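**Q** Make a model of this:
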Amino acid sequence: QGVHLPGLGTFAVVHEQINGTEEMYVVRRPVFQLDVDMSCLQELVFPTVMVPGDIKIMPLDYWWLSQTNSLPPDVVRGCVEETILLYSFQLRDRQRPAFAFENIGILSCQNNVLCMQFHCSCIAGLESRDTWMALLFT
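**A** Predicted structure coming up:
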């Protein structure tokens, strides 16, 4: 399953086959498909990541988020939308702030390359059996 953040991108978990020297591994690993207005990314390079078509993509659940912080869902939605809008304006103005997602990772720009770096704990939480393989290939 994946979660779409309009104006920013889609987070999803994919199953990936990795051929080892002696055996094949199937690991679950996170991916992020960027969905930022291309006018913001004029001189930036970013990896092309595609979420497979068979993964069900859901909108962000603002009601669930509101339960975690005691704010009404419409306030949470407004905060998320304004934060994404601010981030896209900063990219357009050639500012390169890091965008942190708690317990997930950091969307950052280094040397004009915009990429999502997932926290090791996020990857390990998705893949308990072949954690090292998932960490190496994420």
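**Q** those helices in the protein, which residues are they?
**A** For the chain, the helices defined by DSSP state H occupy 62-69, 73-92, 120-126, 131-137.
**Q** CSV for those, including distance to Asp54, mean pLDDT and mean neighbour count?
**A** Heads up, the C-betas are built off the backbone N, CA and C, glycines and all. Below are those laid out as CSV (distance: least, Cβ to Cβ, whole Å; pLDDT from 0 to 100; neighbours: other Cβ atoms under 10 Å):
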stretch, distance to Asp54, mean pLDDT, mean neighbour count
helix 62-69, 24, 90, 12
helix 73-92, 26, 91, 15
helix 120-126, 17, 83, 15
helix 131-137, 19, 61, 15
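**Q** Which one, of those, ends up nearest to Val26?
**A** helix 131-137 (9.2 Å; Cβ to Cβ).
**Q** for the protein, which residue is closest to the average position?
**A** Centroid-nearest residue in the chain, with Cα atoms, centre = their mean: Phe32, separated by 3.7 Å.
**Q** what would the helices of the chain look like in TSV with distance to Val45?
**A** As requested, those are exported to TSV (distance: least, Cβ to Cβ, whole Å):
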stretch	distance to Val45
helix 62-69	31
helix 73-92	13
helix 120-126	23
helix 131-137	21
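**Q** wait, which of those is closest to Glu16?
**A** With respect to Glu16, and counting by Cβ to Cβ, the nearest of the helices of the chain is helix 131-137 at 6.7 Å.
**Q** Can you give me the distance of the residue nearest to the centre of the chain to His4?
**A** 11 Å (Cβ to Cβ, to the nearest Å).
**Q** Same question for Gln17.
**A** For Gln17, the distance to His4 - Cβ to Cβ - is 25 Å.
**Q** same thing with Leu107?
**A** On the measure of Cβ to Cβ, Leu107 and His4 end up 15 Å apart.
**Q** The two: which is more packed in?
**A** Leu107 (21 against 17; other Cβ atoms under 10 Å).
**Q** so what pLDDT did the residue sitting furthest away from the middle of the chain get?
**A** Distance from the centre of the chain peaks at Glu22, with 31.6 Å (Cα atoms, centre = their mean). Looking at Glu22, its pLDDT is 78.
**Q** contacting residues for it?
**A** Neighbour list for Glu22: empty [criterion: Cβ atoms under 8 Å, 6 or more residues apart in numbering].
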